[in-house]
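A.B. asks: this one's structure only:
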C-alpha cells in the first residue's frame, strides 16, 4: 500500500515537472519568436534614419476634422515646417519638409508646440531613402528585441537540455 502511494506521488511529481518545464519551454520559444519578429523590421528601420538638426520655420495646430464635423475620436494635428541639411552631401543640400504628429489630447499637442517653437533648432531624424520623411523622435532601438531573442532562444535551449536529461534518467531507471 505504501509503495503504491509513493509510486503515485512519484508519477504525479514527474508529470507536474514535465508540465511546468513544457509551459516554460513554450513560453521561451514564443518570447524568442516575438523578439525575432520585432528585431528584423526594427533593425532595418533603425539604419534607414540619419540624425540631423532641423530649423523650425513655422508651425500649424488644428483639430482633426472629417468634413465639417469633428470625428468621434477627437484628435489634434500639429505640423512643423522644417529645414535641415542632408548629412555628408557635397555641396550642402537643404531639405524643406513637414513633421506632422497627431495627439488625442489638446494639452499634449500644445505642449509639443512649446517644445519646438518657431526659429529654433532641434535634433531630428530623416530617412535616407526618402529625405522628405523626417521625425522628431529617434527610431526605435533594436536592442530590447535582440535581448528578447537571445533570452528566449537561450531558455529554449536550456529547456531542451533539461527535458533530454530527464528523459534519459527516466529510461535508465526502467
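C.D. replies: Cool, the structure landed. Predicted, not measured: the structure shown is a model, and the values here were computed from it.
A.B. asks: switch to C-alpha atoms for all contacts and neighbour counts from now on
C.D. replies: OK.
A.B. asks: all strands of this protein, in order?
C.D. replies: With strands called from DSSP state E, the chain shows them at 49-63, 65-66, 69-70, 76-85, 94-103, 121-127, 134-135.
A.B. asks: could you tell me the least trusted of the ones you listed?
C.D. replies: Set side by side, these give their lowest mean pLDDT on strand 69-70, at a mean of 50.
A.B. asks: helices and strands around the longest helix along the chain, which ones?
C.D. replies: Longest helix in the chain, counting residues (DSSP state H): helix 2-47. Identification of packing neighbours for helix 2-47 by 3 or more Cα pairs under 8 Å, 6 or more residues apart in numbering; DSSP states H and E yields helix 143-173.
A.B. asks: so where's the chain uncertain?
C.D. replies: Applying pLDDT under 70 to the chain picks out residues 1-9, 65-73, 174.
A.B. asks: quick check: domain ranges of it?
C.D. replies: Following automatic domain parsing, one gets these domains for the chain: 2-45+143-173, 51-135.
A.B. asks: from residue 133, how far off is residue 61?
C.D. replies: When distance is defined by Cα to Cα, to the nearest Å, residue 61 is 20 Å away from residue 133.
A.B. asks: more neighbours: which of the two?
C.D. replies: Applying other Cα atoms under 10 Å to residue 61 and residue 133 shows that residue 61 carries more neighbours, namely 17 against 14.
A.B. asks: got the contact list for the closest residue in space to that one that isn't next to it in sequence?
C.D. replies: Of all residues not flanking residue 61 in the chain, residue 78 sits nearest, at 4.6 Å (Cα to Cα, 6 or more residues apart in numbering). Residue 78 makes contacts with 59-62, 100-103, 109, 113, as judged by Cα atoms under 8 Å, 6 or more residues apart in numbering.
A.B. asks: swap the cut-off to 7 Å and go again
C.D. replies: Shown in contact with residue 78 (Cα atoms under 7 Å, 6 or more residues apart in numbering): 60-62, 100-102, 109.
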